[in-house]
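Undergrad: here's a sequence, model it:
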Amino acid sequence: MKCKKCNSLKPPASHHCSICKRCIARMDHHCPWVNNCVGYYNQKFFLLFLVYVFFGSSHAFVMIVKKSFECLDKTCILFRPTYMPILTGASAFLALLFGLFVIIMFCDQIGVIWGNTSTVDKLKKERF
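TA: As a prediction, this is how the structure comes out:
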């Protein structure tokens, strides 16, 4: 079977990525974080990336909260400038937000792997 867009041989269960301009075997999605398509050959590395980002976000959140509790008195250097509590709160919020987003993405990817499908195929089935 030939791809209609790139006019090359299309492997079974592959999809054409309009951003990469090529056909990807078992394409799941195009990830802007890694600037590449997630498919058959790199899904393992994408899952590892999600795990590492989750651990990094969790570590940052724990360290921010721990340091904030240690510095509850106003003599601590962490809260000396007036903008630092706002910056600390925003950093903790972003670390928590990234951690939650990444764990949801990870669970979705595990569900896709468990179902032996891809996100593109799952979305096509839901649409029709």
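Undergrad: drop to CA atoms for contacts and neighbour counts, all remaining ones
TA: Fine.
Undergrad: domains in the protein, by residue range?
TA: Domain segmentation of the chain under automatic domain parsing yields 1-41, 43-116.
Undergrad: end to end on the longest one, go ahead and measure it.
TA: Distance across domain 43-116, first residue to last, is 12 Å (CA to CA, to the nearest Å).
Undergrad: so which elements touch the lowest-mean-pLDDT helix or strand in the chain?
TA: When each helix and strand of the chain is scored by mean pLDDT, DSSP states H and E, helix 119-127 comes last, with a mean of 78. If contacts are counted by 3 or more CA pairs under 8 Å, 6 or more residues apart in numbering; DSSP states H and E, helix 119-127 sits against no helix or strand.
Undergrad: could I get the buried residue list for that helix?
TA: By neighbour count on 16 or more other CA atoms under 10 Å, the buried set for helix 119-127 is 119, 121.
Undergrad: show me the contact partners of that helix.
TA: 27, 28, 29, 112 (CA atoms under 8 Å, 6 or more residues apart in numbering).
Undergrad: about what we covered before: reformat the domains of the chain as a markdown table; add distance to residue 123.
TA: Shown next, in a markdown table, are those (distance: least, CA to CA, whole Å):
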| stretch | distance to residue 123 |
| --- | --- |
| domain 1-41 | 10 |
| domain 43-116 | 11 |
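Undergrad: for the ones you listed, give me TSV that also has mean pLDDT and mean neighbour count.
TA: Output for the domains of the chain, formatted as TSV (pLDDT from 0 to 100; neighbours: other CA atoms under 10 Å):
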stretch	mean pLDDT	mean neighbour count
domain 1-41	88	15
domain 43-116	89	14
